[in-house]
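> What follows is a predicted structure for the sequence shown.
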Amino acid sequence: MLLCVNFISFSLFQGTELFTNWVGLNVDFQYVKPIFDLVNTTQTLGNGTLLSRGEAHVSIILPTEYDQVLHPAGVTIEELNTLASTKNRLQRSKFELECLGRVQVVSKPDGVFQQSVQIILKNYKDLIHFREEVFKLYVKKGGNPALFAAENFTPHITLGFKHRDIFIEDGVYKGKNACIHKIVAK
C-alpha cells in the first residue's frame, strides 16, 4: 500500500540566477514537523542543533539538472509546469517512507562539519513517470539523452541540517544508502 501524503501544492521555483530553477512537490509540514522535533532532540542526530526551513518538499527536478542540462536544450520552466499540472499529475503522486537517513561531510574550502537528516522515500513510480515525461520533452528538443536519466533520482524530504543543507555537489547521496533507522508508519 502506498502512503499518499497530503500535498499543499505543486511547487515551481524560478529565478534568473543559477540554482533558482527547480521543480518540487510541497508536503504539508504539519506531518513532518513532529518527526523533525523528535530527531532534533536525539543526542546522536540533532541534540537541538538542526535547522529547519519550516517547510517540507520533495525535489523532483534539481536546480543543477535544470540549469546544466534541461535549460540549455531549450526546456522551459513553463513547460515543466504544464507537464506537472496536466491531470494534476504531481499532486496525485504516491510514495512510501523507506527510512530515516543521514548524510555528513566536511565542506570545502571552509572545513565545516555539515550534516543533513532526511526521510528517504520508496515506491515512487509516479515521480519517476513525471521525470520520464521530462526526458521525452528534453530529447524532443534535441537534448543529449546521455545527460539526463529519469531513474537517476533519490527522492527524500529533508528534515533538518547543521549550518546549511548539503547536496550531491558536496559528495553525498540522499538515497537508501544513507538509511540509519527504519520508519514505522502508524
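Good, I have the coordinates. Numbering: from 1, shown residues only.
> Just give the number of residues close to Thr158.
For Thr158, the neighbour count with other Cβ atoms under 10 Å is 24. Every C-beta, even on glycine, is put in place using the N, C-alpha and C of the backbone.
> is it fair to say it lies in a strand?
Yes. According to DSSP: H, G, I helix; E, B strand; the rest coil, the state of Thr158 is that of a strand.
> wait, doesn't it sit right on Gln115?
No. Counting by Cβ atoms under 8 Å, Thr158 does not reach Gln115; the two are 11.2 Å apart.
> Quick check: bridge partners of the residue nearest to Leu80 when sequence neighbours are not counted?
Using Cβ to Cβ, 6 or more residues apart in numbering and skipping the chain neighbours, the partner closest in space to Leu80 is Val23 (5.3 Å). Beta-bridge pairing for Val23 (DSSP bridges): Leu12, Ile61.
> how close does Val23 sit to His156?
15 Å (Cβ to Cβ, to the nearest Å).
> Comparing these two, which shows the higher neighbour count?
A side-by-side neighbour count of Val23 and His156, using other Cβ under 10 Å, places Val23 first with 28 against 23.
> Can you get me the start-to-end distance on stretch 73-89?
24 Å (Cα to Cα, to the nearest Å).
> ok, now which ones touch the residue nearest in space to the middle of the chain?
With distances taken as Cα atoms, centre = their mean, Ser59 lies nearest the centre of the chain, 2.9 Å away. Residues in contact with Ser59 (Cβ atoms under 8 Å, 6 or more residues apart in numbering) are Trp22, Val23, Gly24, Pro155.
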